[in-house]
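[1] Structure, please.
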Amino acid sequence: MKQKIKWIITMLILLLNLTFSMTLLWDVSGTLFSKNSIIGVCVLSFIEIAILYKIASKAGAESELMANRLNSLVNKGDSYHVLLDTDSPNFELSKAINRVESYQKKRNIHYQVQNNNYLKLIEHLTVGVMQIDHKRQVLVVNDMISKLLGQQIESKQHSYIDDIKTYKLSGLIEKAIKTQEKQRDEVEIENTNKVVDATVVYVSNNNVEFQVIVILYDITELKLLERMQNEFVGNVSHELKTPVTAIKGFAETLLEGPVNPDTTSKFLNIIYDESEKLEILIQEILKLAKGQKTKENISSFNLDAVINYELDLLSNAIKSKNLIVDKRIKKEFYIKFDRNKIATILGNLLQNAVKYNVDNGRIVIEAGKIKTGIFISISDTGIGISNQDKKRIFERFYRVDPSRNKQIEGNGLGLAIVQELVVSMGGKISVKDSTSRGTKITIYLQY
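    Numbers count the residues shown, from 1 in each chain. Okay, the predicted model is just below:
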């Protein structure tokens, strides 16, 4: 089409030129022009037309080149400069286009650097991040959000629904889009059972396009600690309330008026027993604190002698249940650790072995040397520990399912104390349980 227009313009110029030349000759000679003069005029006209056509073609090619370059800049195409002769009428325009191209190139490089830095920052964040566009396509994600959601998220653009299967979280995203406001809530992720603090931020680019940024902060451990704290407070309150209520009640009864000697003695014995329970509870709480804060007092001592001492303290309870104690340990087995901590550990483990054992049951005590230190194990033939309880028996004030030990009193601090002391000595503790054959607890201590 452009070529046709050029030829039409050329022919018009040719006709105008011929008409003008012939008119000029007519005016000069006053007669019709000769054959030679006509030929000369035509030759000159064609030469002029050729020159004009060349100039017009060159100008057209330059204009087309610059137009293509501008279109390439707009469409983010290949980067190149427009090079024209210095005598070209489009030279200054080409220089301006080249300056625009150079500026655009610098801007692109700067944007790329910023984008790379942004992606690196997102990747190293300890919170999960997902960026979604107005088409609900995932633009950016980091590894943390993949871990929290429990699945690998593809880097290429795709619908966020493919990744977020938790209804509550997807509901927060849709609510943020609908209301154009930030949303925040606690969400439990179905795939991983993680509890996250989810924040969804709506960012408007213009009237049509927008972005949504999803930020997930893992608060699973915080929620667990919060639950444990609530249970701790509840259990402490319960354990303290029982003896205090009994002491207060019987003391009020005695203060109300005269009571016969037998009843007075009975009430005083109850008050004494309950105050003793309260004292034991306070002492065991203090033991926990002491196990965390005191320095070790290392000395060499006979482990068998310590075991015998702790067994003597439990002798009445052992006799009342008719338990058999089987010691599989050398009489002269000397070890070098903190004697007080070892005694506390053994006292709590033996107390549990007696308390949770069955009548006519058995307690087996073993100890010996291993490559890196020693081991001490105490097993019983008692009610055992279920798999569910096994995960929590070392928590403070936790007690196994009450339905399985209704007749057994305790405050749930014994094994918590044992673990605290074993950890403070750099050791490990293992529990093997069977609801039909009892429990075996082994501690490993390194020299």
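[2] from here on, contacts and neighbour counts on C-alpha atoms
    OK.
[3] What's opposite Ala367 in the beta bridge?
    Beta-bridge pairing of Ala367, defined through DSSP bridges, involves Ile376.
[4] Need the pLDDT of Ser72.
    Taken from the predicted model, the pLDDT recorded for Ser72 is 67.
[5] Work out for me the element Val203 sits within.
    Secondary-structure element containing Val203, defined by DSSP states H and E: strand 195-204.
[6] and that strand, what does it pack onto?
    Secondary-structure packing of strand 195-204 (3 or more Cα pairs under 8 Å, 6 or more residues apart in numbering; DSSP states H and E): helix 167-179, strand 183-188, strand 210-218, helix 220-256.
[7] Could you say which of those is packed most deeply?
    When you average the neighbours per residue for each of the helices and strands packed on strand 195-204 (mean count of other Cα atoms under 10 Å), strand 210-218 leads with a mean of 21.
[8] which outside residues touch it?
    126-134, 145, 148, 173, 176-177, 194-205 (Cα atoms under 8 Å, 6 or more residues apart in numbering).
[9] nearest to Ser155, of the helices and strands packed on strand 195-204?
    Comparing the helices and strands packed on strand 195-204 by their distance to Ser155 (Cα to Cα), the top pick is strand 210-218, with 15.9 Å.
[10] ok, that closest one: who's next to it in the sheet?
    Based on DSSP bridges, the strands next to strand 210-218 in the sheet, each with its direction, are strand 128-133 (antiparallel), strand 195-204 (antiparallel).
[11] Now the weakest link among the helices and strands packed on strand 195-204, please, by mean pLDDT.
    Among the helices and strands packed on strand 195-204, helix 220-256 carries the lowest mean pLDDT, a mean of 77.
[12] Let me know the angle separating it from strand 195-204.
    Between helix 220-256 and strand 195-204, the angle comes out at 130 degrees (axes from the mean of the first three to the mean of the last three Cα atoms, to 10 degrees).
[13] Please, where are all the helices along this protein?
    Under the criterion DSSP state H, the chain carries helices at the ranges 2-29, 35-74, 91-123, 143-149, 167-179, 220-256, 261-293, 303-313, 315-320, 339-355, 387-390, 414-424.
[14] model confidence over the last one, on average?
    When you say that, I think you mean helix 414-424. Along helix 414-424, the predicted local confidence has a mean pLDDT of 77.
[15] What of stretch 106-120?
    The pLDDT scores in stretch 106-120 average 68.
[16] And for Val306, the neighbour number?
    Around Val306 sit 17 other residues, with neighbours defined as other Cα atoms under 10 Å.
[17] List every C-alpha atom in the strand holding Val203, with coordinates, as CSV.
    Taking only C-alpha atoms (Å, rounded to 0.1, in the frame of the first residue of the first chain), the coordinates of strand 195-204 have been written out as CSV:
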residue,chain,number,x,y,z
VAL,A,195,-1.6,-23.5,63.6
VAL,A,196,-0.7,-20.2,61.8
ASP,A,197,-1.4,-16.5,62.3
ALA,A,198,-2.7,-15.7,58.8
THR,A,199,-2.6,-12.1,57.5
VAL,A,200,-4.1,-11.3,54.0
VAL,A,201,-3.2,-7.9,52.7
TYR,A,202,-5.1,-6.3,49.7
VAL,A,203,-3.0,-4.1,47.5
SER,A,204,-4.7,-2.1,44.7
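[18] So what angle separates the directions of it and helix 167-179?
    Inter-element angle recorded for strand 195-204 and helix 167-179: 20 degrees (by the same axes, to 10 degrees).
[19] Give me the angle between strand 195-204 and strand 183-188.
    Our comparison of strand 195-204 with strand 183-188, counting by the same axes, to 10 degrees, yields an angle of 150 degrees.
[20] Just to check, Asp163 is in contact with Leu148?
    No. Here Asp163 lies out of contact with Leu148, judged by Cα atoms under 8 Å, at a distance of 11.0 Å.
[21] unless I'm mixing things up, Phe301 is touching Glu332, no?
    No. Assessed by Cα under 8 Å, Phe301 is found out of contact with Glu332, at 9.4 Å.
[22] and the two? which has more neighbours close in?
    Neighbour count, other Cα under 10 Å: between Phe301 and Glu332, Phe301 has more, with 16 against 11.
[23] What's the separation between the residue nearest to that one when sequence neighbours are not counted and Asn302?
    With sequence-adjacent residues excluded and distances taken as Cα to Cα, 6 or more residues apart in numbering, Phe301 is closest to Tyr334, at 5.3 Å. Here the distance between Tyr334 and Asn302 works out to 4 Å (Cα to Cα, to the nearest Å).
[24] again, but for Val100
    Spatial separation of Val100 from Asn302 under the definition Cα to Cα is 89 Å.
[25] follow-up on the earlier one: with distance to Ile270 as extra columns, can I get the helices and strands packed on strand 195-204 in a markdown table?
    Supplementary listing: the helices and strands packed on strand 195-204 in a markdown table, determined by distance: least, Cα to Cα, whole Å:
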| stretch | distance to Ile270 |
| --- | --- |
| helix 167-179 | 54 |
| strand 183-188 | 48 |
| strand 210-218 | 50 |
| helix 220-256 | 8 |
